[in-house]
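Trainee: pasting the sequence and the predicted coordinates here, then a few questions.
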Amino acid sequence: MNIDEVSRVFKDLKSMIEPEAQISILSSNRLIITTSTDKLELIANLLKNYGFDHVKSVTAIDYPMKNIIEISYLISSFNNLNLSKIILTLKTLIDRNKSISKSLYKVWPSVEFLERETYDLMGVFFEEHPENTSLILPEDYKDIRPLRKDFKLIK
Amino acid sequence: MEIVDLILNILLHPSIFVPLIFPGFITILIIIILLIWAERKVAAKIQMRIGPLYVTRRFGGILQLLADLLRYMFAEVITSKDSDKFIFIASPIVALTATLLPLAVIPAGSLLGIELIALRTNISLLAALALSSLTPIFIIIMGWASNNKFALMGSLREGHLMISYEVPLYLSALSVAILHGSLDIVDIVNNQQRVWTVLINPFAAFSFFISVIMSTSRFPFEITESDSELVAGPYTEYSSILYGLVMGVPYMRLYVFTLLFVDLFLGGWYPLIDGFSSITLIIKVLIILLFSVFLRSVYPRYRLDQAIRIGWHILFTLSLISITLSLLIIGWVM
Amino acid sequence: MRVKEEQSLTGNIYNFVRKIVLWIIFKTPLKRLRNWGISYSLWPVHLTTACCGCEFGASSAPRFDAERTGYLPFVGPRQTNLIVIEGSLSKKMANAVRLTYEQMPNPKYVIALGACAIDLGIFYDSYNLVRVDEVVPVDVYVPGCPPRPEAIIRSVVMLQRKIRRGG
Amino acid sequence: MKTSLSKQQDNRKEIELFIGPQHPASGHMRFIGRVDGDIFTNFIPDPGWVHRGIEKIAENRKWIQIIPLVERAAILDAANMNIGYVIALEKLLDIEPPPRAQYLRTLLCEINRITSHLYGFGIAGIMIGSSTFYMWPFADREPLIDIAQLITGARLTYSYMIPGGVRRDLPQGFKEKALKALKYIERRLNNDYFRIFFDNPVTKARYQEVGVLKRDDAIRLGIVGPNLRASNVKYDVRKVEPYAAYPELEFDIAYEKEGDCYARLLVRVEEIRQSIKIIRQILDALPQGPIIHKKYEKLVSLRKLEEYQKTGIFGLPAIFTVLRPPAGEVISRVEAARGELIFHIISTGELRPYRLRMVTPSFRNIVLFRELISGARVMDFPAIYGSIDYFPPESDR
């Protein structure tokens, strides 16, 4: 994919989402959009209308020092072949102690199991998600969620 | 000497010899051991494998089923807490007995000059068919007594299948009776000295054979105990020797039906070997049995609704056609 | 248990019969026949616990053909007498393995495949795994990650020898 | 999942069916279904029975130790798991392996794709009761596993790719053996498989028009791999974002229009054909040259270098144990046998990754169980399961 097309998409998105969110380029065909939790659904709807039709991954990263958890949605497209060459990261930061975020299930149904897994392994509660129940760990799991940084494997 | 003669006389009396030795219990045991071994070996051959071998290396693992039976024999009998214990234990035994009952009226040629039929009646075909329909009922009871969801669903499937294969099975058997003008199997076989029924009325033979395949849950109709969703169907809860019995039931049923099939359609014990006509019969039976178990390595299984549709749409129609054909032939000859 | 009055005269008939049957099975030549039958009829239950299951599948497939030894993967716990633990055992799965083991009729055997089954192997510090020997008693361990199908068949042969020796 | 089931607790007409994990067709997995007569009214997958926590363990491993770790997610597709991670790591390190290494990687990936699809066929066959079609594909995997073993020395778990290249060169006489195996597999695939299974009337009755996944639904649910392509979406990472040697190779995207179980199997058949085509091209056009990046070739000891030049086996340099990629965030995607595999790695310049996210294709396809089997007949469950080619350890990680 040539650089022109990425920069065209970049410009389109920039004009579309600013000033609610910031967009930057990570590498040749990886874009990053950063936004706050309450604007997340708005931005997601804009992106969906632009042509990004599914979510590839929901990655939650724990930063105990900064007291935040970063949630990245990796978004791309199956329908639009130009967009499918781009992976767009939609990032939001949430408070680590509360760890409540807004579910994007209404925008992209493909996040369902990814968000459920994030809830299970990272302990991030997604509001308005149809099923915030354990998926992978045993149902009676009580400990700290394993992907948090303060969960140590060998004591 | 007189005592030996007496014992021999008792043993060789048809009403003892037939159910106990040939074509009854002992023959069935030997045939099942050979048949299951052959089934596994034939499947292995098609699948580029060797199959059971090390149990008796010199004879190609022919005793494999014996080893399995021994294991069943010495395993712990488990009856689950929620099951209806008496029925749970009794129904496999009754099912086994019920499966063997039709042998009393099915003739099996002659051996050493003795006519091998335990009970000669002039309605033996009807009696054989009626007795053969007992087994599925006990299979259904097994699933019910187990008190297990998979077993219950297996029973339901057996019930669904039963009503769809029994009608074509009986109709096509009756079309043979119409053709030969008799309900006595011995008469029917004797009528086939010159030409076999399968050549006169192939529709009846086809629908009878497919119904038999369906009723004994061979592939592609292995639906009752379909393991990929029902574990072992009605037999899910059965362990040890009880499972050994219920595993034998479909094979015995297949054997009994094959005997009937050969008598009705393939000319029974003709061409005759003097005094030993059973040998002709048993060779034909073995060929049909091998063919039925060979289907396992060719076909996947049909879905339940598809099997029922085959039963009612194709087999039922064919059996009606076969009855019409029999009537037409009878009318033409008359 | 309180001894009933009839039993005080005749003794416990059930126990008496049981003792006789056990004596016949274990103290007479019948024992050898039993062990011979069981050893050539090891049927593993369908319980795939982790990724060594692919090699477990391959061991039944044509090139290796474990059916030669009378080993036939079969459907339910009631009809089988062998559990093959394929690799690691998660906490959720450990309950299932224990349940399956208890559902199986005696005599029953366990083969544990892979480094994970021995000491968790490459996942030695995982938070969700348990060791197999904490869950069920194991008869034969097979090392490897994953073990080759030949090794799996060899473990079956080893178990057969063990049974025929009277194990 | 408890809540959604208890909603219908009072409905006495339906029975609740727990399928697995000890069940002939469940694999390492549990399903909770509600059956009304012969129809599943509700079908919920319950994964996590093989969860080993690879993502967490990776945070406690050095960068080079993660290579064997990630391939344990799907050991029958190990090369594709490897290449996803190694590409991500190389992006962080900012190195590009030499062309010969790229071709060798592609070769192993395609061999793995074929063996993985054959495994899937075997499972699909036994699920609908065809024992022959379990045995045949499993038997025909073996020649290809032999080839992979010639390259790497292992049956399934290769750990063949290292940052900057691959561990070994091809042995002598490899090309002839590989061509022979390819010819064999092609003959079996095009004749015997169709005769025994794909053209079998029973197979067609079981698979056609069962478990139909429409194009819009496939996109909406974010399905990947052959299951997506069977619903008429021409999306293949090897074309969209070519990696390794794929830009220079010629192949087509396999796709079908119907979206039913039969189409999903036929897509895999076509993919095997394309893989054979790719392997033939690689064997013809394999460039000469080193198999490891120059930067690392300099770092090994003299003895190891001599061995490398003589036998083509590259001993790992000691520097790999203290590999420290610069800080950064990297996302790599590759087309594994079951679909798109994503690695999202956060590095802080330490000895170990800060966070490694691995999204496997099976995990993204898990939703298909609920979507396709709810409303299907009970006997359709194994047919659909077989056609999805779902591998629980890959999903649970």
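Mentor: Looks like it came in fine.

Trainee: around chain A, which positions in chain C sit nearby?
Mentor: C:Lys91, C:Lys92, C:Asp125, C:Ser126, C:Tyr127, C:Asn128 (CB under 8 Å from any CB of the partner chain). In this view, the C-beta of every residue, glycine as well, is placed from N, C-alpha and C.

Trainee: can you add distance to chain B and give these back as CSV?
Mentor: Output for these, formatted as CSV (distance: CB to the nearest CB, whole Å):
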residue, distance to chain B
C:Lys91, 25
C:Lys92, 20
C:Asp125, 37
C:Ser126, 31
C:Tyr127, 32
C:Asn128, 27
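
Trainee: buried only: go through the residues you listed for me.
Mentor: C:Lys91, C:Lys92, C:Ser126, C:Tyr127, C:Asn128 (16 or more other CB atoms under 10 Å in any protein chain shown).

Trainee: among the residues you listed, which are located in helices?
Mentor: C:Lys91, C:Lys92 (DSSP state H).

Trainee: in JSON lines: the buried ones among the residues of chain C next to chain A, plus distance to A:Trp108 and pLDDT.
Mentor: Converted to JSON lines, those look like this (distance: CB to CB, whole Å; pLDDT from 0 to 100):
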{"residue": "C:Lys91", "distance to A:Trp108": "32", "pLDDT": "86"}
{"residue": "C:Lys92", "distance to A:Trp108": "29", "pLDDT": "86"}
{"residue": "C:Ser126", "distance to A:Trp108": "31", "pLDDT": "85"}
{"residue": "C:Tyr127", "distance to A:Trp108": "30", "pLDDT": "85"}
{"residue": "C:Asn128", "distance to A:Trp108": "29", "pLDDT": "85"}
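
Trainee: now, which of the buried ones among the residues of chain C next to chain A sits nearest D:Cys109?
Mentor: Checking these against D:Cys109 with CB to CB, the nearest one is C:Ser126 at 27.4 Å.

Trainee: for D:Ile87, see how far away the closest one is.
Mentor: 26 Å (CB to CB, to the nearest Å).

Trainee: what count of nearby residues applies to the nearest residue to A:Glu112 once chain neighbours are set aside?
Mentor: Counting by CB to CB, 6 or more residues apart in numbering or on different chains, A:Glu112 lies nearest to A:Tyr105, which is 5.8 Å off, once chain neighbours are set aside. For A:Tyr105, the neighbour count with other CB atoms under 10 Å in any protein chain shown is 18.

Trainee: pretty sure A:Tyr105 contacts A:Glu115?
Mentor: Yes - counting by CB atoms under 8 Å, A:Tyr105 touches A:Glu115, with 7.0 Å between them.

Trainee: common neighbours of these two, please.
Mentor: A:Phe126, A:His129 (CB atoms under 8 Å, 6 or more residues apart in numbering or on different chains).

Trainee: could you pull out the strands in chain A for me?
Mentor: Assigned by DSSP state E, the strands in chain A fall at A:22-27, A:30-35, A:54-63, A:68-76, A:87-95, A:100-102, A:125-127.

Trainee: JSON lines for the ones you listed, including mean neighbour count, mean pLDDT and distance to chain C?
Mentor: As requested, those are exported to JSON lines (neighbours: other CB atoms under 10 Å in any protein chain shown; pLDDT from 0 to 100; distance: least, CB to the nearest CB, whole Å):
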{"stretch": "strand A:22-27", "mean neighbour count": "14", "mean pLDDT": "78", "distance to chain C": "31"}
{"stretch": "strand A:30-35", "mean neighbour count": "20", "mean pLDDT": "85", "distance to chain C": "31"}
{"stretch": "strand A:54-63", "mean neighbour count": "24", "mean pLDDT": "88", "distance to chain C": "15"}
{"stretch": "strand A:68-76", "mean neighbour count": "23", "mean pLDDT": "89", "distance to chain C": "19"}
{"stretch": "strand A:87-95", "mean neighbour count": "20", "mean pLDDT": "87", "distance to chain C": "24"}
{"stretch": "strand A:100-102", "mean neighbour count": "18", "mean pLDDT": "84", "distance to chain C": "24"}
{"stretch": "strand A:125-127", "mean neighbour count": "16", "mean pLDDT": "85", "distance to chain C": "21"}
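
Trainee: redo these as TSV? Include distance to B:Leu20.
Mentor: Putting the strands of chain A into TSV (distance: least, CB to CB, whole Å) gives the following:
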stretch	distance to B:Leu20
strand A:22-27	84
strand A:30-35	81
strand A:54-63	71
strand A:68-76	74
strand A:87-95	77
strand A:100-102	77
strand A:125-127	72
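
Trainee: of all these, which lies closest to chain B?
Mentor: When these are compared by CB to the nearest CB, strand A:54-63 sits nearest chain B, at 31.3 Å.

Trainee: which strands and helices sit next to the closest one?
Mentor: Helices and strands touching strand A:54-63, by 3 or more CB pairs under 8 Å, 6 or more residues apart in numbering or on different chains; DSSP states H and E, are strand A:68-76, helix A:112-122, helix D:215-221, strand D:339-347, strand D:355-359.

Trainee: quick one: the residue of chain D found nearest chain A and B:Ala173, what's the gap?
Mentor: Chain A sits closest to D:Gly222 of chain D, with a gap of 2.8 Å, by CB to the nearest CB. Going from D:Gly222 to B:Ala173 by CB to CB gives 57 Å.

Trainee: and chain B, which residues reach chain D?
Mentor: So far as CB under 8 Å from any CB goes, chain B lies against chain D at B:43, B:46-49, B:149-150, B:152-153, B:219-220, B:222-223, B:226-229, B:231, B:296-306.

Trainee: ok, now with 6 Å
Mentor: B:46-48, B:149, B:220, B:227-229, B:297, B:299-304, B:306 (CB under 6 Å from any CB of the partner chain).

Trainee: please indicate which of those are buried?
Mentor: Counted by 16+ other CB under 10 Å, the residues of chain B next to chain D give B:46-47, B:149, B:220, B:227-229, B:297, B:299-304, B:306 as buried.
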